[in-house]
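Novice: quick one: sequence plus predicted model below, questions after.
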Number of protein chains: 2
Amino acid sequence: MAKHFDRELEKLKKKILSLSALVEERVYLAIKAIESRDPDLAERIIRSDYEIDETEVEVEEECLKILALYQPVAVDLRLIVTVIKINNDLERIGDEAVNIAERIQSIAKRSTYSFHFDYAEMAEIAAAMLKQSLDALVNLDIDTAFRVLTLDDEVDDIQSKAYSQIKAAMGEHPEEMTYLINLYLISRHLERIADHATNIAEEVIYLIEGEIVRHGNYL
Amino acid sequence: MAKHFDRELEKLKKKILSLSALVEERVYLAIKAIESRDPDLAERIIRSDYEIDETEVEVEEECLKILALYQPVAVDLRLIVTVIKINNDLERIGDEAVNIAERIQSIAKRSTYSFHFDYAEMAEIAAAMLKQSLDALVNLDIDTAFRVLTLDDEVDDIQSKAYSQIKAAMGEHPEEMTYLINLYLISRHLERIADHATNIAEEVIYLIEGEIVRHGNYL
């Protein structure tokens, strides 16, 4: 019985890691699409989202199966519940990559605009947060998880810079309003990716410490 | 043992219902704040969000306790996992009410603007979706849950109307850009409330049918 349980747990870990890899790849592609404004790349991101959706459903079914068959307790139970929640965050990060891709498709139609906001730094931090939150999960590394929480403020800072610059550009170039709104929405989607990475980091801390650190209780 | 379990389950149901009531109230207040642009009401919504956060943590701890102590299977297990997820959606709806309140605080500073978008219908549908999704949960009523799914399209339609009208107003009144961006963001926060209500309805369908209907599989 214990052997079967361990085997199921290994299978579950593999599955959530393969979902993580899928989602990370999709975020990197979305960042590449922001830089290149390549509508074909955007289309690829949108079309392949079903893979993430399917894997998410598989992970959840696997969790339910393990809960029902083995009725784990203590650390094992907490692991399964954590996986259920991280699974949810990963799927939503995939959705944000799709949202970015859809914005890029609108932007790509025209090639030059009078204003540009460089999202490279913001995207880099958001992607690093995702990577580190997943590393923290794999290695059960609480320091890395806490580092993710501090990075979130940097993303918020850049987001607020993007907001004020784009707002000013909207006043100066009303003829480019659609483009500027899309440019602004990209910052919000990047911010939401960072938020979900923060959720994952908080879940990892909870898994390790056994305490719920959501809602700023860790400060 | 079975008696204890039933008692715990009743306690959990009561707790998730009291969270539902809190969240519903907060959404109604946010809608009232959109209409009245009352900064004091907005402040009240923001300041009381901790109640929702605390109740969410209590619900999750209760779920974990039940899973650990009673190791439920079949329908009972599915119920607990569903509650864990709905709990998450409810807390995020509370966050969206706070987001709306923050937008209202920015808007309220000036009293008259040249453009207005009436969110009454959109807000009414979003609130109805939330109410119906929770009714569906309480009564395990699959028809009501499916009705929620169809309402989501109406919200999306109004959101896209708001977008094009506000975009046009941005071009005509660049001096009111901050206001117009905030006005636009309100539509997005209402849309996200509708999204979370849709998630809850999908979870209820899953609970009743035992099948995962996310990602449009119900169509």
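Specialist: Nice, I can see it. Residues are numbered from 1 along each chain as shown, chains lettered A, B, ... in the order given.
Novice: quick check: chain neighbours aside, which residue is closest to A:Glu175?
Specialist: B:Gly171 (7.4 Å; CB to CB, 6 or more residues apart in numbering or on different chains). Any C-beta I mention is one placed from the backbone N, CA and C, and that applies to glycine too.
Novice: my guess is that neighbour contacts A:Thr178. True?
Specialist: No - between B:Gly171 and A:Thr178 no contact is recorded; they are 10.0 Å apart, counting by CB atoms under 8 Å.
Novice: returning to that earlier point: what about the residue nearest to A:Glu175, how many residues nearby?
Specialist: Using other CB atoms under 10 Å in any protein chain shown, the number of residues around B:Gly171 comes to 16.
Novice: so how far is B:Leu149 from it?
Specialist: For B:Gly171, the distance to B:Leu149 (CB to CB, to the nearest Å) stands at 36 Å.
Novice: ok, back up a step: what angle do the one helix or strand the residue nearest to A:Glu175 maps to and helix A:142-172 make?
Specialist: For B:Gly171, the host element (DSSP states H and E) is helix B:142-172. With axes from the mean of the first three to the mean of the last three CA atoms, to 10 degrees applied, the angle from helix B:142-172 to helix A:142-172 works out at 50 degrees.
Novice: my read is that A:Leu185 contacts A:Glu102, right?
Specialist: No - checked against CB under 8 Å, the pair A:Leu185 and A:Glu102 is beyond contact range at 9.1 Å.
Novice: how about whichever strand or helix holds A:Ala21, does it reach chain B?
Specialist: For A:Ala21, the host element (DSSP H and E) is helix A:2-36. No - using CB under 8 Å from any CB of the partner chain, helix A:2-36 stays clear of chain B, with a minimum separation of 13.0 Å.
Novice: could you do stretch A:107-120 as well?
Specialist: No - Stretch A:107-120 lies apart from chain B when judged by CB under 8 Å from any CB; the minimum separation is 13.5 Å.
Novice: the residue nearest to A:His173 when sequence neighbours are not counted and A:Tyr179, how far apart?
Specialist: Leaving aside its sequence neighbours, A:His173 sits nearest to A:Ser114 (CB to CB, 6+ apart; 5.2 Å). Distance of A:Ser114 to A:Tyr179, given as CB to CB: 9 Å.
Novice: so between these two, which is more surrounded?
Specialist: A count of neighbours by other CB under 10 Å puts A:Tyr179 above the other of A:Ser114 and A:Tyr179, at 22 against 11.
Novice: I'd say that one and A:Tyr113 touch.
Specialist: Yes - counting by CB under 8 Å, A:Tyr179 does reach A:Tyr113; the two are 5.4 Å apart.
Novice: so where does A:Phe115 fall, helix or strand?
Specialist: Counting by DSSP H and E, A:Phe115 is part of no helix or strand.
Novice: same question, the one 10 residues further on
Specialist: Element membership of A:Ile125, judged by DSSP H and E, is helix A:120-139.
Novice: using PDB, write down the CA coordinates of that helix.
Specialist: The C-alpha coordinates for helix A:120-139 follow below in PDB (Å, rounded to 0.1, in the frame of the first residue of the first chain):
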ATOM      1  CA  ALA A 120      12.000  43.700 -20.800                       C
ATOM      2  CA  GLU A 121      12.800  44.300 -17.200                       C
ATOM      3  CA  MET A 122       9.200  43.700 -15.900                       C
ATOM      4  CA  ALA A 123       8.900  40.500 -18.000                       C
ATOM      5  CA  GLU A 124      12.300  39.300 -16.800                       C
ATOM      6  CA  ILE A 125      11.300  39.700 -13.100                       C
ATOM      7  CA  ALA A 126       7.900  38.100 -13.600                       C
ATOM      8  CA  ALA A 127       9.500  35.100 -15.400                       C
ATOM      9  CA  ALA A 128      12.200  34.900 -12.700                       C
ATOM     10  CA  MET A 129       9.400  34.900 -10.000                       C
ATOM     11  CA  LEU A 130       7.700  32.000 -11.800                       C
ATOM     12  CA  LYS A 131      10.900  30.100 -12.100                       C
ATOM     13  CA  GLN A 132      12.000  30.600  -8.500                       C
ATOM     14  CA  SER A 133       8.500  29.800  -7.100                       C
ATOM     15  CA  LEU A 134       8.700  26.500  -9.000                       C
ATOM     16  CA  ASP A 135      12.300  25.900  -7.900                       C
ATOM     17  CA  ALA A 136      11.200  26.500  -4.300                       C
ATOM     18  CA  LEU A 137       8.400  23.900  -4.800                       C
ATOM     19  CA  VAL A 138      10.800  21.300  -6.300                       C
ATOM     20  CA  ASN A 139      13.500  21.800  -3.600                       C
END
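Novice: I'm done for today, thanks for sticking with me.
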